[in-house]
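Student: Give the three-dimensional model of this entry:
(one chain, ligands or ions: 1)
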Amino acid sequence: MYWLKLIKKNLFKVFLKKIFISIFAIYFVLIFPLNATDNNEIASNKALDGLTASKSQIEEILEYFSESIQNKTPIDTEKTSKMFGYKNFEEFANQYLKIFKLTDITVDEIREYLEGTDSTVIIDQSKKNIDKLYKLIMNDEYFKKKNTYLKTYKKGVHKGNEINMMALAVYVNYEKEMAKITKNPNLKKISRFTWWWGVTWGNNSNPYGYALKGCRESAEKYKLFGGKCIIVDWRSKKTGEIKNMIKPDVELAQRMKELKNKKIKKEKPKIKVEEKIKIANINIPVQVFLVKYNQPNFNSKITSNEVKEDFKKANDIWNRRGLNFEIINISNVKGSSKKISKDLKWVESKYVKSLQIDLKKQTMKSKNDKKYDQIVQKIIGAKKNRNKNAINVFYIPHIPSGLACGVAYTYALNKKYFAQLDQLRRQNLGFIIIGEKSACISRGRTVAHELGHMFSLGHKHDQKTDLMMWGSGIEIQNWQLQKFQKYHNKYLRKRLTF
Ligand SMILES: [Zn+2]
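Tutor: As a prediction, the model looks like this:
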């Protein structure tokens, strides 16, 4: 019989809980009733599961960071932030801290975590470097402040038992930290990490299993990625011996050997082919609903003229490619959500905080997604406000989650094919919601961007100047125009008539 106890350790709870949750996309599922008079439509609410919402800027950038870390692609946080339409990394990080109400973590610590492994470094796993990593962990300010491992060891007694030995397991991205140490032998600090420890008494001499198990469980719980749990420290109370347990990684050593031998190929400069700009010739009807609310924190002010101004700007962008969006009607509708204040409070206090990552499905979900979608649906009055022969655009005071300036709910963005998808797409069930107020510079550009989503255009990662990215880009590529036209022709041409 072993007398073994596993001790829960301090985690930098708030930080971990929040920072790793927002990595993948949210798929909003909307269910709204069908018009019973339309015989061609799929008459089941369930068939409408899977209507996909365009992702917000912050969701996309976090997804991008996560993918880059997992694929070991080096990240330039400044460049990436600008690419996704932020002024700089700090602006992104501050939005992040604000949304998730984080206080015990700095902008630099977020930057540090998101920056992946520098793949150009040939990592040196010398004893000196491994000792350095050990020292950085054991002398880490946060660890020193929060751990109970060292205190317990000092006491020598745990729950009335005289301690035999102890071990500390740490969740760390070993490769990344070793690359940093190789590059800078005077490194002062490693990324924030989490830990767990085990202790034995009596004759038991294996504190490792429990330290590792606990470490893995906490890493799992806090959705960590990019690293793993390793035993860092072992100590015996009886003899006073303390050992650095970090071992060189054999697989990593092999890879570094190969990297060393590999001749670094210089990338050939790409020859830019001058593409002839293609022009479409399509006029698309748009139905606008101005949903009126009169609450202190949800107050509609927008006028028809302001909407027309938005569409003028959106058309300035699309007209260059021969596409025009024509408002056929602007309808003032009374906001019908009776519990609006309560709902908005719920979104702020419960929904945004409850977003969780599903590592297996690679999606970001909240157990509250359905309720959130229902709230959004209720706010715009999706049940009654719909023109089947136009693109439906709703204006509300702001997007409830605060994660975006506008959002497109559409089957055009569904990535997974299922039997009835084509039919659902032909029904023109989607819609756009624009927030009157938002952090985005141009509401007209937001309108143009969301209109692109309605015709299957997704976000792109590699073009700062692109309309379908964030920021101020207004470029539309030939292939995007073709994709747009193809979608219009296949699914919506017959419906979108004047
Ligand atoms: Zn978008």
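Student: Low-confidence regions, the stretch 151-300 of the chain specifically.
Tutor: 220-225, 263-275 (pLDDT under 70).
Student: what about the helices in it?
Tutor: 174-183, 208-221, 250-261 (DSSP state H, counting those that start in this stretch).
Student: Out of these, which is closest to residue 419?
Tutor: The minimum distance between residue 419 and the helices of the stretch 151-300 of the chain falls on helix 208-221, with 35.5 Å, by Cβ to Cβ. Every residue, glycine included, has its C-beta placed from N, CA and C.
Student: what's the distance between that closest one and the middle of its chain?
Tutor: 25 Å (Cα atoms, centre = their mean, to the nearest Å).
Student: where along the stretch 251-400 of the chain do the strands fall?
Tutor: Taking DSSP state E, counting those that start in this stretch, the strands of the stretch 251-400 of the chain run over residues 282-292, 294-295, 298-299, 323-334, 356-358, 363-365, 391-396.
Student: Sort out which residues of the fourth one are buried, please.
Tutor: Just to be clear, that refers to strand 323-334. If you call a residue buried by 16 or more other Cβ atoms under 10 Å, then strand 323-334 has these buried ones: 323, 324, 325, 327, 330.
Student: Dump the helices of the stretch 151-300 of the chain into a markdown table; add mean neighbour count and distance to residue 240 as well.
Tutor: Below are the helices of the stretch 151-300 of the chain laid out as a markdown table (neighbours: other Cβ atoms under 10 Å; distance: least, Cβ to Cβ, whole Å):
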| stretch | mean neighbour count | distance to residue 240 |
| --- | --- | --- |
| helix 174-183 | 22 | 28 |
| helix 208-221 | 19 | 19 |
| helix 250-261 | 12 | 31 |
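Student: and those as TSV, adding distance to residue 57?
Tutor: Formatted as TSV, these follow (distance: least, Cβ to Cβ, whole Å):
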stretch	distance to residue 57
helix 174-183	26
helix 208-221	28
helix 250-261	35
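Student: To residue 367, which of those lies closest?
Tutor: Closest to residue 367 of those is helix 208-221 (Cβ to Cβ; 15.9 Å).
Student: helices or strands next to the closest one in the packing?
Tutor: Packing contacts for helix 208-221, counted by 3 or more Cβ pairs under 8 Å, 6 or more residues apart in numbering; DSSP states H and E, involve strand 4-7, strand 161-172, strand 194-201, strand 228-236.
Student: change it to 6 Å
Tutor: Judged by 3 or more Cβ pairs under 6 Å, 6 or more residues apart in numbering; DSSP states H and E, helix 208-221 is in contact with strand 161-172, strand 194-201, strand 228-236.
Student: So which of those is the most surrounded?
Tutor: Among these, strand 194-201 has the highest mean neighbour count (mean count of other Cβ atoms under 10 Å), at a mean of 25.
Student: That one pairs with which strands, and in what direction?
Tutor: strand 4-7 (antiparallel), strand 161-172 (antiparallel) (DSSP bridges).
Student: With distance to residue 194 as added columns, please give the ones you listed in a markdown table.
Tutor: Conversion of the strands paired with strand 194-201 to a markdown table gives the following (distance: least, Cβ to Cβ, whole Å):
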| stretch | distance to residue 194 |
| --- | --- |
| strand 4-7 | 14 |
| strand 161-172 | 5 |
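Student: so which of the helices and strands packed on helix 208-221 gets nearest residue 290?
Tutor: It's strand 194-201; of the helices and strands packed on helix 208-221, that one is closest to residue 290 (Cβ to Cβ) at 48.7 Å.
Student: That closest one to strand 228-236, inter-axis angle?
Tutor: Orientation check (axes from the mean of the first three to the mean of the last three Cα atoms, to 10 degrees): strand 194-201 against strand 228-236 gives 40 degrees.
Student: got the angle for strand 194-201 vs helix 208-221?
Tutor: 160 degrees.
Student: Can you dump the C-alpha atoms of strand 194-201 in PDB for me?
Tutor: Extracted in PDB, the C-alpha atoms of strand 194-201 (Å, rounded to 0.1, in the frame of the first residue of the first chain):
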ATOM      1  CA  THR A 194       1.500  25.800 -15.300                       C
ATOM      2  CA  TRP A 195       2.600  23.100 -12.900                       C
ATOM      3  CA  TRP A 196       1.700  20.300 -10.500                       C
ATOM      4  CA  TRP A 197       3.600  18.300  -8.000                       C
ATOM      5  CA  GLY A 198       3.600  14.900  -6.300                       C
ATOM      6  CA  VAL A 199       4.900  13.900  -2.900                       C
ATOM      7  CA  THR A 200       5.600  10.500  -1.300                       C
ATOM      8  CA  TRP A 201       6.200   9.400   2.200                       C
END
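Student: rewinding a little: wait, which of the helices and strands packed on helix 208-221 is closest to residue 369?
Tutor: strand 194-201 (27.4 Å).
Student: picking that back up, what's the closest of the strands paired with strand 194-201 to residue 415?
Tutor: So among those, strand 161-172 is nearest, using Cβ to Cβ, at 31.6 Å.
Student: Show residues contacting that closest one.
Tutor: Strand 161-172 is contacted from outside by 137, 149, 153, 156, 193-201, 207-208, 211-212, 215, 219, 224, 227, 229, 231-237, using Cβ atoms under 6 Å, 6 or more residues apart in numbering.
Student: Convert the C-alpha atoms of it to PDB, please.
Tutor: The C-alpha trace of strand 161-172 is given here as PDB (Å, rounded to 0.1, in the frame of the first residue of the first chain):
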ATOM      1  CA  ASN A 161       3.300  12.600   7.100                       C
ATOM      2  CA  GLU A 162       7.000  13.000   7.000                       C
ATOM      3  CA  ILE A 163       8.000  13.600   3.400                       C
ATOM      4  CA  ASN A 164      10.200  11.200   1.600                       C
ATOM      5  CA  MET A 165      10.500  12.700  -1.900                       C
ATOM      6  CA  MET A 166       8.900  15.200  -4.200                       C
ATOM      7  CA  ALA A 167       8.700  15.900  -7.900                       C
ATOM      8  CA  LEU A 168       7.600  18.900  -9.900                       C
ATOM      9  CA  ALA A 169       6.000  18.500 -13.400                       C
ATOM     10  CA  VAL A 170       5.700  21.600 -15.600                       C
ATOM     11  CA  TYR A 171       3.600  22.200 -18.700                       C
ATOM     12  CA  VAL A 172       6.000  24.000 -21.000                       C
END
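Student: Distance from the chain centre to that strand, please.
Tutor: That offset, for strand 161-172, works out to 35 Å (Cα atoms, centre = their mean).
Student: what's the angle between it and helix 174-183?
Tutor: Going by the same axes, to 10 degrees, strand 161-172 makes 80 degrees with helix 174-183.
Student: Begin at 3 from now on, thanks
Tutor: Right, with 3 as the first residue, what we last looked at is strand 163-174.
Student: just to revisit the earlier point, may I see the strands of the stretch 253-402 of the chain arranged in CSV, with distance to residue 472 as well?
Tutor: Formatted as CSV, these follow (distance: least, Cβ to Cβ, whole Å):
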stretch, distance to residue 472
strand 284-294, 22
strand 296-297, 28
strand 300-301, 24
strand 325-336, 20
strand 358-360, 21
strand 365-367, 18
strand 393-398, 19
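Student: And those: which comes nearest residue 190?
Tutor: Taking the strands of the stretch 253-402 of the chain one by one with Cβ to Cβ, strand 358-360 is closest: 30.3 Å.
Student: If you average the pLDDT over the closest one, what comes out?
Tutor: Strand 358-360 carries an average pLDDT of 53.
Student: next one: stretch 440-449
Tutor: Across stretch 440-449, the average pLDDT comes to 87.
Student: Now tell me what touches it from outside.
Tutor: Here stretch 440-449 has contacts from 312, 315, 316, 407, 408, using Cβ under 6 Å, 6+ apart.
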